[in-house]
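> dropping the sequence and predicted coords here.
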Amino acid sequence: MASLDRSVSGWVRSGDLLHTGLIIALLLGVWTVGGLEVTTGKVSSIEAMNGSTVLLPCTYSSCIGIQRLYFNWHFNNNGTMVKYCEAVIPSEDVEPRVKVLHERVEFVGSSKNSNISILLWNITFDDEGDYICFAKNPKEKNRNHSAVFTLIVVDQMKEDDNTLTVFIVSVLGGVIGLVIIVMVIKAVVLHFLRKGNEKK
C-alpha cells in the first residue's frame, strides 16, 4: 500500500509539474506576442513636385487591441523635431480628436481602418526630409513604436529614360523581321525548285 501511495504521489507531482510548465509557457507566449505595429507601407519614400499635396501614409495594427492609443506626426528638421499633429484614439473604431499644429497639415486617417495618415498641402523644398509617425499603446505598457517616411521635393518630375528598352525592342524586332524574310525567301525558292522538278 505504501508503494501505491508513493507512485500516486509521483504522478500527482509530475502532473503538477506539467500544469505549471504549461501555465508558464502560456504566460510567456502571451507576454511575447507582438503588440502594436506602425508602418508607412511598402514604399518608405516619395518624390513629389514643389507646390503639390502629398499623402504621408501611416497605419497601425495590434493583435492585443488598443486602448487610449496616442499618436503623433513630427518632422525631423535638421535634428529638431517639429510636431505636426497629435491625438488619442480612445478605443477601436472611435474617431480621435486630432490636434493639428501646422497650417498645411490635414488629418485624413480613420480609426475604423487603423489609419493615421496625414496630407501635407503645398509642399516646398523646406519640407524635404524625414517624417516620423509615432504611436504608443498603454495596453502594452506604453512601448514606443514609430515608422519613418521620407519626402523628396523636386522642381520637376523625372522622365523615365527608356532608351535601353527602345534599343532592345528594336534589335529584337530586327532579328525577328530578318528571320521572317529568310523563311519567306526559302519558301519561295523551294516552291520554284519543286515546280522545276515537276516539269522534268
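Yep, that arrived.

> need the next SSE after the lowest-mean-pLDDT helix or strand in the chain, C-terminal direction.
Scoring the helices and strands of the chain by mean pLDDT, DSSP states H and E places helix 2-32 at the bottom, with a mean of 53. Counting by DSSP states H and E, the next helix or strand C-terminal to helix 2-32 is strand 36-39.

> paired strands for that next one, with orientation please.
Take DSSP bridges as the rule and strand 36-39 pairs in its sheet with strand 59-62 (antiparallel).

> pairing partners for the helix or strand just after the partner strand, with directions?
Going down the chain from strand 59-62, the next helix or strand is strand 67-77, by DSSP H and E. Applying DSSP bridges to the sheet, strand 67-77 is found paired with strand 80-91 (antiparallel), strand 129-137 (antiparallel).

> nearest to E37, out of those?
Closest to E37 of these is strand 129-137 (Cβ to Cβ; 9.1 Å). In short, each C-beta sits where N, CA and C put it, glycine included.

> identify each buried residue in that closest one, please.
The neighbour-count check on strand 129-137 (16 or more other Cβ atoms under 10 Å) flags 131-137 as buried.

> ok, now stretch 150-170?
151, 153.

> where does the chain have low pLDDT?
1-34, 157-160, 200 (pLDDT under 70).

> about what we covered before: export the buried residues of strand 129-137 to JSON lines and append columns for distance to E103.
Below are the buried residues of strand 129-137 laid out as JSON lines (distance: Cβ to Cβ, whole Å):
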{"residue": "Y131", "distance to E103": "16"}
{"residue": "I132", "distance to E103": "20"}
{"residue": "C133", "distance to E103": "20"}
{"residue": "F134", "distance to E103": "21"}
{"residue": "A135", "distance to E103": "24"}
{"residue": "K136", "distance to E103": "26"}
{"residue": "N137", "distance to E103": "29"}
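
> wait, which of those residues is closest to G177?
Looking across those and measuring by Cβ to Cβ, the closest to G177 is Y131, at 51.8 Å.

> OK, contacts around that closest one?
Neighbouring residues of Y131 by Cβ atoms under 8 Å, 6 or more residues apart in numbering: 56, 73-76, 84, 148-151.

> how about those, which pair is most distant?
The widest separation within the contacts of Y131 (Cβ to Cβ) is 15.1 Å, between Y84 and T150.

> tell me how far whichever helix in the chain runs longest is from the chain's mean position?
When the chain is parsed with DSSP state H, its longest helix is helix 163-199. Centre-to-centre, helix 163-199 and its host chain are 50 Å apart (Cα atoms, centre = their mean, to the nearest Å).

> also stretch 156-169?
28 Å.

> which residues sit against that stretch?
In contact with stretch 156-169 (Cβ under 8 Å, 6+ apart) are residues 47, 49.
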